[in-house]
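In: Here's a sequence, model it:
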Amino acid sequence: MPCPVFPKPAKSKASLWKVFFTKRHSWLDALYERSYSMKMGEYKLPGFRLYMVNQPDLVRRIMVQDIANFPKNQLLGEILEPLLGESIFTTNGEQWQKQRNMLDPAFKHTRVQQVFGLMQAAVNDMSARLTQHQPGQDIDPEMTFITADIIFRTIMSTQLQPAQAEQILAAFVHFQAESPKLALLKMFRFPQFMQRGRSERKRISAAKDIRRAIEEIVTPRYQQAQAARQGCPQSQTALAEQQDILSSLLQATDGDTQAPFSFNEIIDQISMLFLAGHETTASSLTWSLYLLALYPEIQQQARAEVQAVLAEQDDQAMSVQALRKMILVRDTFREALRLYPPVGFLSRECTHATQMRDKNMPAGSSVMISPWLIHRHQDFWDNPHGFDPGRFTSKNLKTPLSKSYLPFGAGPRVCIGATFAQQEASLILATILKDYHFALADGFVPEPVGKLTIRSQNGMSIVLTPINKT
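Out: Got it, this is the predicted structure:
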């Protein structure tokens, strides 16, 4: 059986300066053999220390039990601020808690089920586009487009147009490519003038392009919500009839002050949902298709499951209830999230001096938790680098999933859109499985790279064969 691809780690740890000058292309390149077996590591950087924490009980302490003393890393917030502003992805403490309380109703199970029809409409359009897919064509752009389109439809009731998508997604690709470079400049304490060069100006411009596109859609809806609050009957009726996620955000109020989100706060949160909702899911869907193409037997089992479930439906159509019965489809996506977690590192900082294992951690230290490494640790998983979606229904796991599986994070800051992403991914995968057999193009091997998310540097060349032509 083939082993899913992952970058071969170096034998030993590279020097910090070698990492800076030769590993900036992908943080995966900076990993070495011991990275995959260590429970905790320490890195001394100019002016501060960074600790890699992979031991489950320590991860739980940081992300669940003692989150006030391990907030989101300030450096991460500075890097993402041009795009995400002060959203729940970067804020901490009371500000984060108020935002989370106001956002939670938009992502309750009932609301996610309500937007299923909007998801289905986007997937139907994807199916039409896939009829034009050429043998060996890169499938990743389609996964990026469909997830972005679903975000636009379910959050803002707006269909993403091809020209609009090209502009927004190109801007995001540039923002993602340049952000790790800025992170290294900050981590190595380079002077401010070196952090504000031409590359950074282009990165900020890309973020503004994305936010501007979102603002154009949100502005009339925000004005309508203001009119509704001022008593306009027509606006009140329109707001009540809207079923998308934006309508929930426009009606949300602070539990203490009863104040709604300001316009800038709405744009911050929508930008965050766009980043978290399209980029991470697109990455995981592309890797899911890769794994199913690499293992045709499991692909056929998943297809048979989809066909059997749909045959039980009166109209043989996809539905929330049907997706819940597609266990192998769901677990294939979960296994893709394990092998290729979209966010490979979760960044925190230590607000106080503390000790973990044999390390004395000064206040201000950076703390990294790596789903990529935890998901591939031999002490926590059997066959950690292998593809086995059946592990999620096994009763013989080495470590409980609650301790060793964190593609959506953990604790109070667990991803707000986890249910949304899993419903969306199951729908897309089930639809493709229903309509196509698929395989990797001859000789194609993807090249995983770690930037803001884990993607394939050379895309994903897939050959689709319609079911009715086999």
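In: contacts, neighbours, all on C-alpha from now
Out: Noted.
In: in the chain, which ranges drop under the pLDDT threshold?
Out: 1, 15-25, 109-110, 193-195, 469-470 (pLDDT under 70).
In: mind listing the strands for it?
Out: 40-45, 48-53, 346-349, 354-356, 359-361, 366-369, 436-440, 448-450, 454-456, 462-466 (DSSP state E).
In: Endpoint to endpoint, stretch 228-235 covers what distance?
Out: Taking Cα to Cα, to the nearest Å as the measure, stretch 228-235 stretches 5 Å from start to finish.
In: returning to what we had before: most packed of the strands of the chain?
Out: Ranked by mean neighbour count, the strands of the chain are led by strand 366-369 with a mean of 24 (mean count of other Cα atoms under 10 Å).
In: Burial check on the closest residue to residue 341 other than its chain neighbours, number of neighbours?
Out: Distances taken as Cα to Cα, 6 or more residues apart in numbering put residue 407 closest to residue 341, at 5.5 Å, once the chain neighbours are dropped. If you count neighbours by other Cα atoms under 10 Å, residue 407 ends up with 26.
In: now do residue 271
Out: Neighbours of residue 271 (other Cα under 10 Å): 21.
In: re earlier: return the distance of the residue nearest to residue 341 relative to residue 174.
Out: Distance from residue 407 to residue 174, by Cα to Cα: 24 Å.
In: and what of residue 442?
Out: 30 Å.
In: related to what we said a few turns ago, next, the contact list for the residue nearest to residue 341, please.
Out: 337, 338, 341, 342, 343, 371 (Cα atoms under 8 Å, 6 or more residues apart in numbering).
In: From those, which land in helices?
Out: 337, 338, 371 (DSSP state H).
In: Including distance to residue 256, could those go into TSV?
Out: Shown next, in TSV, are the ones in helices among the contacts of residue 407 (distance: Cα to Cα, whole Å):
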residue	distance to residue 256
337	37
338	39
371	36
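In: Grab the nearest non-local neighbour of residue 3.
Out: Distances taken as Cα to Cα, 6+ apart put residue 386 closest to residue 3, at 5.8 Å, once the chain neighbours are dropped.
In: I figured that neighbour hits residue 4, correct?
Out: Yes. Between residue 386 and residue 4 a contact is recorded at 6.5 Å, counting by Cα atoms under 8 Å.
In: which residues of the stretch 151-300 of the chain fall in helices?
Out: For the stretch 151-300 of the chain, the helices defined by DSSP state H, counting those that start in this stretch occupy 162-187, 192-195, 198-229, 233-241, 245-251, 263-274, 280-294, 296-312.
In: With respect to burial, which of those scores highest?
Out: Stretch with highest mean neighbour count among those: helix 280-294 (a mean of 24; mean count of other Cα under 10 Å).
In: helices or strands up against that one?
Out: helix 140-156, helix 296-312, helix 327-339, helix 418-435, strand 436-440 (3 or more Cα pairs under 8 Å, 6 or more residues apart in numbering; DSSP states H and E).
In: distance between the longest one and the chain's centre?
Out: What separates the centre of helix 418-435 from the centre of its chain is 15 Å, taken as Cα atoms, centre = their mean, to the nearest Å.
In: Could you report the neighbour count for residue 343?
Out: 22.
In: Chain neighbours aside, what residue packs nearest to it?
Out: Among residues not flanking residue 343 along the chain, residue 453 sits closest, at 5.0 Å (Cα to Cα, 6+ apart).
In: Give me the phi and psi for the residue nearest to residue 3.
Out: Main-chain dihedrals, residue 386, degrees, to the nearest 10: phi -90, psi 160.
In: mind listing what the spatially most central residue of the chain touches?
Out: The chain has residue 280 as the residue nearest its centroid, 2.5 Å off, counting by Cα atoms, centre = their mean. By Cα under 8 Å, 6+ apart, the contact set of residue 280 is 342, 343, 453.
In: rerun that using 10 Å as the cut-off
Out: Counting by Cα atoms under 10 Å, 6 or more residues apart in numbering, residue 280 touches 144, 147, 274, 337, 341-343, 407-408, 421, 452-455.
In: In contact with residue 236: list those residues for me.
Out: 224, 225, 226, 227, 228, 229, 230.
In: Any chance of a markdown table for those residues, columns distance to residue 103?
Out: Conversion of those to a markdown table gives the following (distance: Cα to Cα, whole Å):
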| residue | distance to residue 103 |
| --- | --- |
| 224 | 19 |
| 225 | 16 |
| 226 | 18 |
| 227 | 21 |
| 228 | 20 |
| 229 | 19 |
| 230 | 23 |
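In: among those, which two are most distant?
Out: Spatially, the most separated pair among those is 224 and 230, at 9.8 Å (Cα to Cα).
In: from the contacts of residue 407, which single one is nearest residue 190?
Out: Using Cα to Cα, residue 343 comes nearest to residue 190 of those, at 25.4 Å.
In: Backbone dihedrals for that closest one, please?
Out: phi -110, psi 110.
In: looking at it, it is touching residue 452, isn't it?
Out: Yes. Using Cα atoms under 10 Å, residue 343 is in contact with residue 452, at 6.8 Å.
In: and the gap between residue 232 and residue 225?
Out: 9 Å.
In: just residue 280 next, same as before
Out: In terms of Cα to Cα, residue 280 sits 30 Å off from residue 225.
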